[in-house]
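# Have a look at this prediction, sequence included:
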Amino acid sequence: MLDWFTKDFGRLTTVARSNAKKGASAPSSFCAYQIGWSGRSSLATMTQCELVEHRWLTGEAATVGLYVNELLIRLLPERDAQPGVFALYWQIVSLLTEVARGAELERLLRGFELHLLEVLGYALDLAREADSETPIRSEFNYYFDVERGLRRSNGELSEDVYAGTMLLALRDGESLSVDDRRAAKRLLRCALAPLLAGKPLNTPSFLGSR
């Protein structure tokens, strides 16, 4: 069985027919293919698979790519086209072939997680406090309630309290300091956790600061 992420049909699972792969290697992760399939059930039969663009990821770049793939498989419903998510996914894969680490990669990953939450109907509001129209302000710190959103905190920064400056920079897709990148990662993992139904992802333990 093969899991695909397609621009026009979303996430798709197929069974590869034996004669479809004669004279060709099995499809590889992160590469672009032109595929054909038949069948209306959730498990289609692949009838064509032609390599369009080869991408080879190794080391940390491959681990980051596998994390994004795992998010898609765990969270996206089957056969629900998401062209915006698809474009951002391919942007990340393209970047991974050039740069396997650094602030730019983390910025793109956080943007991907935010967009995925929005697509799934669980958008993280980084502009306003929970249950009000009060804007998030750079001089305050905020507690994140996973069910309701961000609330102003009187406490200092901690595992669940975040600086307003970081939240606004994350909202605007700006570069973050090392400490803010760690905080942004915690915040997004916390926001994604309820959608995973208590079953953690396999790849984050290998990602380090990502």
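Good, I have the coordinates.
# Tell me who's in contact with the residue lying closest to Glu78 once chain neighbours are set aside.
Using C-beta to C-beta, 6 or more residues apart in numbering and skipping the chain neighbours, the partner closest in space to Glu78 is Arg11 (5.3 Å). Every C-beta, even on glycine, is put in place using the N, C-alpha and C of the backbone. By C-beta atoms under 8 Å, 6 or more residues apart in numbering, Arg11 lies in contact with 3-5, 72-73, 76-80.
# Where strands are concerned, which of those residues count?
3-5 (DSSP state E).
# Show me how to select, in PyMOL, the buried members of the contacts of Arg11.
In PyMOL, a selection of the buried entries from those looks like this (16 or more other C-beta atoms under 10 Å):
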select buried, resi 4+5+72+76
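# What about the contacts of Arg11, which are in helices?
Among the contacts of Arg11, DSSP state H puts 72-73 in helices.
# any chance of the contacts of Arg11 in a markdown table, with distance to Arg182 and pLDDT too?
Putting those into a markdown table (distance: C-beta to C-beta, whole Å; pLDDT from 0 to 100) gives the following:
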| residue | distance to Arg182 | pLDDT |
| --- | --- | --- |
| Asp3 | 31 | 92 |
| Trp4 | 33 | 94 |
| Phe5 | 28 | 95 |
| Leu72 | 24 | 94 |
| Ile73 | 26 | 93 |
| Leu76 | 27 | 93 |
| Pro77 | 31 | 91 |
| Glu78 | 34 | 90 |
| Arg79 | 36 | 90 |
| Asp80 | 32 | 92 |
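# Go through the contacts of Arg11 and say which is closest to Lys199.
Nearest to Lys199 out of the contacts of Arg11 is Ile73 (C-beta to C-beta; 12.3 Å).
# Can you give the contact residues for the lengthiest strand in the chain?
Assignment by DSSP E gives strand 43-53 as the longest strand of the chain. Contact with strand 43-53 is made by 1-2, 12-17, 20-21, 24, 27, 31-39, as judged by C-beta under 8 Å, 6+ apart.
# Buried ones among those?
Neighbour-count burial (16+ other C-beta under 10 Å) applied to the contacts of strand 43-53 gives 2, 12-14, 16, 20, 27, 33, 35, 37.
# out of the residues you listed, who's nearest Leu88?
Leu12 (18.2 Å).
# show me what contacts the closest one?
3-6, 37, 44, 78-79.
# low-scoring stretches of this structure, by residue?
17-25, 99-101, 204-210 (pLDDT under 70).
# Can you show me the strands along it?
Chain-ordered strands for the chain, with DSSP E as the definition, fall at 2-6, 10-16, 32-38, 43-53, 141-145, 149-153, 161-163.
# mind putting those in TSV, distance to Glu174 included?
As requested, the strands of the chain are arranged in TSV below (distance: least, C-beta to C-beta, whole Å):
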stretch	distance to Glu174
strand 2-6	28
strand 10-16	30
strand 32-38	30
strand 43-53	31
strand 141-145	17
strand 149-153	18
strand 161-163	13
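# if we can go back for a sec, can you redo the ones in strands among the contacts of Arg11 as JSON lines with distance to Arg189?
Below are these laid out as JSON lines (distance: C-beta to C-beta, whole Å):
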{"residue": "Asp3", "distance to Arg189": "23"}
{"residue": "Trp4", "distance to Arg189": "26"}
{"residue": "Phe5", "distance to Arg189": "21"}
